[in-house]
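K.L.:
Sequence and predicted structure are below.
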Amino acid sequence: APAHPLWPEIERVTLEQLQYARLGVEGGVWQLFAEDGEMKMYKREEEVDGLAVDPLKAVHTVKGVTGREMTHYFFSPDVRFEWETTLEQMKVLETIADDTLVILQIHKRVWPASQRDALFWSHVRRVPNDTDRDAQDIWIACNHSTEHHEAPSNEGKMVRVALTVCLVCQTSIEPPADGGPVTRDHLTCKITYCSVVNPGGWVPTSALRAVYKREYPKFLKRFTQYVKDRCDKQPILF
Ligand SMILES: Cc1cccc(-c2n[nH]cc2-c2ccc(F)c(-c3ccc(S(=O)(=O)CCO)cc3)c2)n1
């Protein structure tokens, strides 16, 4: 494994997030708050120091793409402005490996709160499917807040959020009955998106919950549609 000081944390958090995502929404602790076709969004209402830090878990099923394609476009900084509508600035501060980056993002201000930025490592990996042999491998992309010497100390201007986010994708193939080639019509990608964002500075709980309720469904719907459009008529990446 690459000898980088962040690597042990990247390994641990990525695998913890994989297990957390695979727990699904069992246990009755998750409250469904948005639904749109196959997409179901759940949250837990939790406060830390009087701040709403509502863990979010979304499940979605997208036809015609693979988990590798979905996590690739989630990970790739080159296309982020094409789907992430709240992004104002983004800088790759460090390229640790071709599947591991440190990124600084400045997001658009949401009235009445102050503007937020996020500094995180971003990692994508294929996880061999140890349970079901003839199933496809699982792909995970994980973003987790970190420190970095190159990040501007923007005292007073910006509030830094703390976030842990993962996108876990499992592809299944329904081969054509006539033994013909597998096309995108035979692909189904099951997605679990998990997010825990501590907003950093005080935001009225009601205002924060309204932002989450509005922004998360819009974000996941827009992102998954972006990937479908990008992959359409392109060779399949398994
Ligand atoms: C989807 C969503 C949920 C909650 C708030 C907002 C939002 N509206 N206006 C500003 C933001 C905002 C502020 C700070 C942030 F860190 C992120 C943020 C959100 C998602 C991710 S990610 O890692 O899931 C995708 C990469 O951007 C990273 C940062 C988004 N957007």
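P.N.:
Looks like it came in fine.
K.L.:
Identify the bridge partners of the residue lying closest to residue 94 once chain neighbours are set aside.
P.N.:
The shortest distance from residue 94 to any residue that is not its chain neighbour, by Cβ to Cβ, 6 or more residues apart in numbering, is 4.1 Å, and that residue is residue 102. The C-beta positions use only the backbone N, C-alpha and C, and glycine is treated the same way. In this structure, residue 102 bridges to residue 94, residue 121 when assessed by DSSP bridges.
K.L.:
List the residues that contact the closest residue to residue 135 other than its chain neighbours.
P.N.:
Distance criterion Cβ to Cβ, 6+ apart; nearest residue to residue 135, sequence neighbours excluded, is residue 129 at 4.7 Å. For residue 129, the contact set (Cβ atoms under 8 Å, 6 or more residues apart in numbering) comprises 135, 136, 137, 138, 170.
K.L.:
buried subset of those?
P.N.:
Buried residues within the contacts of residue 129, counting neighbours by 16 or more other Cβ atoms under 10 Å: 136, 137, 138, 170.
K.L.:
Contact residues of the chain facing the ligand?
P.N.:
Counting by Cβ under 6 Å from any ligand atom, the chain comes close to the ligand at 84, 86, 105, 107-108, 110, 116, 118, 143, 161, 163, 165, 195, 211-212, 215-216, 219.
K.L.:
Distance check, the residue located most distally from the centre of the chain against residue 184.
P.N.:
Distance from the C-alpha centroid of the chain, by Cα atoms, centre = their mean, peaks at residue 178 (36.6 Å). Residue 178 sits 17 Å away from residue 184, going by Cβ to Cβ, to the nearest Å.
K.L.:
quick check: longest helix of the chain.
P.N.:
Taking DSSP state H as the assignment, the helix of the chain that covers the most residues is helix 205-231.
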